[in-house]
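**Student:** Sequence first, then the predicted structure, then my questions.
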Amino acid sequence: MKRDPPNWNQVVRELKAMPPVDPAAPERIVQEIRGIERRGWGATAWEWLLRKRRVMIAPLPAMAGAAAVIVVLTVLLRGAGPSTGEAGPDTSSFGMHPTQFMVVDQEAAHVAVVGDFNGWDPTAHSLEQVSPGVWSLVVPLEPGRHTYAYVVDGERWIPDSLAARAPGDEFGGRNSVLLVAGGP
Amino acid sequence: MTALRHWEVITVVEPRDEDLVQRTRAGDEEAYAVLVRRRYPRCLRYALHMLGNRADAEEAVQDAFVRAYRALDRYEERQRFEAWLFRILVNQCRTLGRRRGRRERSIVSYEDPPAVAAPEDGDVHLRLELEHALQQLTPEYREALLLHYVEDQSYEDAARVTGASVSALKMRVMRAREQLRHILEEDHET
């Protein structure tokens, strides 16, 4: 028998129906919480050192740091002396360079990067939370100068605190500048 | 002689969420348990609709409560606790949805058991149709629609929770409703 599609009130009523709850499920959470609580709330020096803080990392220094780590590891793993092996993969074969954007923000629910490369569209490039509070995304960029900013939780536009600021842009100089090497 | 009956009116005042948070911060271990038991069903409802799978939904809700507990020091009392908790839950559902989505792109089908088990007096057929239709929306549209129409959040609150601008959120809600209506109509035509 053919039925009429539900009207909107029926849809909302059905969606609002509370699901049956397994009574053990909330109790599992309570047990887990108690395990955490037994470790105590005290503000010890160790806790102070581990306290989460907002840290912004500029893409260029982050890439330079990552490159330095890779070089050191390569030297350590392959023995002394510079490598004379084959060249690495050509990341610029299509004229684009993978550029890593990274933000450390323990409080953010969502972080996006906006810039001239994506039309300042906050929905175009969302960073992924790669570990708690660490947001990262690799965006292929054309060589040259790019201005960009981060959008935290869809409402706060913030510059990259460790990168150079773009002078006199339309957002009151709140953007950062990124130089991608390469090109003709 | 008629015995006088003495009635005593007892008003039980449930503690507010924010008071329970304060007690938790002060070390009252039962206060957070009350919060968990109180807010669990709504959180589960949202996660079930978002993820379409009970095991994932329970995991997302559990993670959200644990993360909220660890972050209680950063909770500011000018916000509603439930809105703050939902912000964490929305994030957990996104993370879990992305992780699962990469492994298996599954759409709840009519053959699958319903993610939301129907109460006996509910319309089982309609609920299955709805779950099927919901899972066809993009996660952004689905979360906007659920927060606004099911969790009764204002556009402003839902925008804060999702990280979208108010205008973007209004557009998502409108399009999600339109798409849901279209999917349900299509299902009835075929």
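**Tutor:** Nice, I can see it.
**Student:** How many residues are close by the closest residue in space to B:Ala71 that isn't next to it in sequence?
**Tutor:** Counting by CB to CB, 6 or more residues apart in numbering or on different chains, B:Ala71 lies nearest to B:Ile88, which is 7.5 Å off, once chain neighbours are set aside. Every residue, glycine included, has its C-beta placed from N, CA and C. For B:Ile88, the count of nearby residues is 20 (other CB atoms under 10 Å in any protein chain shown).
**Student:** Correct me if wrong, but A:Met102 is in a helix.
**Tutor:** No: A:Met102: not assigned to a helix; according to DSSP: H, G, I helix; E, B strand; the rest coil it is strand.
**Student:** Tally up the residues packed near it, please.
**Tutor:** Around A:Met102 there are 24 residues (other CB under 10 Å).
**Student:** my guess is it meets A:Ser131, correct?
**Tutor:** No: counting by CB atoms under 8 Å, A:Met102 does not reach A:Ser131; the two are 11.3 Å apart.
**Student:** rewinding a little: who's in contact with whatever helix or strand the residue nearest to B:Ala71 lives in?
**Tutor:** Using DSSP states H and E, B:Ile88 sits within helix B:81-103. Identification of contacts with helix B:81-103 by CB atoms under 8 Å, 6 or more residues apart in numbering or on different chains yields A:109-110, A:128-129, B:17-18, B:20-21, B:35, B:39, B:42-43, B:46-47, B:50-51, B:53, B:56, B:59-61, B:63-65, B:67-68, B:71, B:75, B:139, B:143, B:147, B:151, B:153, B:157, B:160-162.
**Student:** how does it look with 7 Å?
**Tutor:** A:109, A:129, B:17-18, B:21, B:39, B:43, B:46-47, B:50-51, B:56, B:59-61, B:63-64, B:67-68, B:75, B:139, B:143, B:151, B:157, B:161-162 (CB atoms under 7 Å, 6 or more residues apart in numbering or on different chains).
**Student:** all strands in chain A, in order from the N-terminus.
**Tutor:** Using DSSP state E, the strands of chain A run over A:55-57, A:97-104, A:111-115, A:128-131, A:134-141, A:144-152, A:156-158, A:164-165, A:176-180.
**Student:** closest one to chain B among those strands?
**Tutor:** strand A:128-131 (6.4 Å; CB to the nearest CB).
**Student:** does any part of that closest one sit near chain B?
**Tutor:** Yes: applying CB under 7 Å from any CB of the partner chain, one finds strand A:128-131 in contact with chain B at A:Gln129.
**Student:** Would you mark the buried spots in stretch A:175-184?
**Tutor:** A:Asn175, A:Ser176, A:Val177, A:Leu178, A:Val180 (16 or more other CB atoms under 10 Å in any protein chain shown).
**Student:** from the residues you listed, which two are the most distant?
**Tutor:** Farthest pair in the buried residues of stretch A:175-184 (CB to CB) is A:Asn175 and A:Val180. Separation: 15.5 Å.
**Student:** show me the residues around the residue in chain B positioned nearest to chain A that make contact.
**Tutor:** Of all residues in chain B, B:Gly163 sits closest to chain A, at 3.5 Å by CB to the nearest CB. For B:Gly163, the contact set (CB under 7 Å, 6+ apart) comprises A:Ala109, A:His110, A:Asp153, A:Gly154.
**Student:** low-scoring stretches of chain A, by residue?
**Tutor:** Chain A contains residues with pLDDT under 70 at A:1-3, A:37-62, A:70-94, A:162, A:164-174, A:182-184.
**Student:** now chain B
**Tutor:** Using pLDDT under 70, the flagged stretches of chain B are B:1-13, B:101-123, B:190.
**Student:** That one: helices as residue ranges?
**Tutor:** Here chain B has its helices, by DSSP state H, at B:17-25, B:29-51, B:54-70, B:81-103, B:124-134, B:139-145, B:155-162, B:166-189.
**Student:** So which bits of the longest one are buried?
**Tutor:** The one in question is helix B:166-189. For helix B:166-189, a neighbour-count test (16+ other CB under 10 Å) marks B:166, B:168-170, B:172-173, B:175-177, B:179-181, B:183-184, B:187 as buried.
**Student:** From the contact counts, what lies against that helix?
**Tutor:** Helices and strands touching helix B:166-189, by 3 or more CB pairs under 7 Å, 6 or more residues apart in numbering or on different chains; DSSP states H and E, are helix B:124-134, helix B:139-145, helix B:155-162.
**Student:** Equivalent analysis for the second one, please.
**Tutor:** Other helices and strands packing on helix B:29-51, by 3+ CB pairs under 7 Å, 6+ apart, are helix A:24-37, helix B:17-25, helix B:54-70, helix B:81-103.
**Student:** by how many degrees do it and helix A:24-37 diverge?
**Tutor:** Helix B:29-51 and helix A:24-37 are oriented at 130 degrees to each other (axes from the mean of the first three to the mean of the last three CA atoms, to 10 degrees).
**Student:** With just CA atoms, put helix B:29-51 into CSV.
**Tutor:** Below are the C-alpha coordinates for helix B:29-51, written out as CSV (Å, rounded to 0.1, in the frame of the first residue of the first chain):
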residue,chain,number,x,y,z
GLU,B,29,32.4,12.6,42.7
GLU,B,30,28.7,12.0,42.6
ALA,B,31,27.9,15.3,41.0
TYR,B,32,29.3,14.5,37.7
ALA,B,33,27.6,11.1,37.7
VAL,B,34,24.3,12.9,38.1
LEU,B,35,25.2,15.1,35.1
VAL,B,36,26.1,12.0,33.0
ARG,B,37,22.9,10.2,33.8
ARG,B,38,20.9,13.3,33.2
ARG,B,39,22.4,14.4,29.9
TYR,B,40,23.2,10.9,28.4
PRO,B,41,19.9,10.3,26.6
ARG,B,42,19.9,13.5,24.6
CYS,B,43,23.6,13.1,23.7
LEU,B,44,22.9,9.5,22.6
ARG,B,45,20.0,10.7,20.5
TYR,B,46,22.2,13.2,18.6
ALA,B,47,25.1,10.8,18.2
LEU,B,48,22.8,8.0,16.9
HIS,B,49,21.3,10.3,14.3
MET,B,50,24.7,11.6,13.3
LEU,B,51,26.5,8.3,13.1
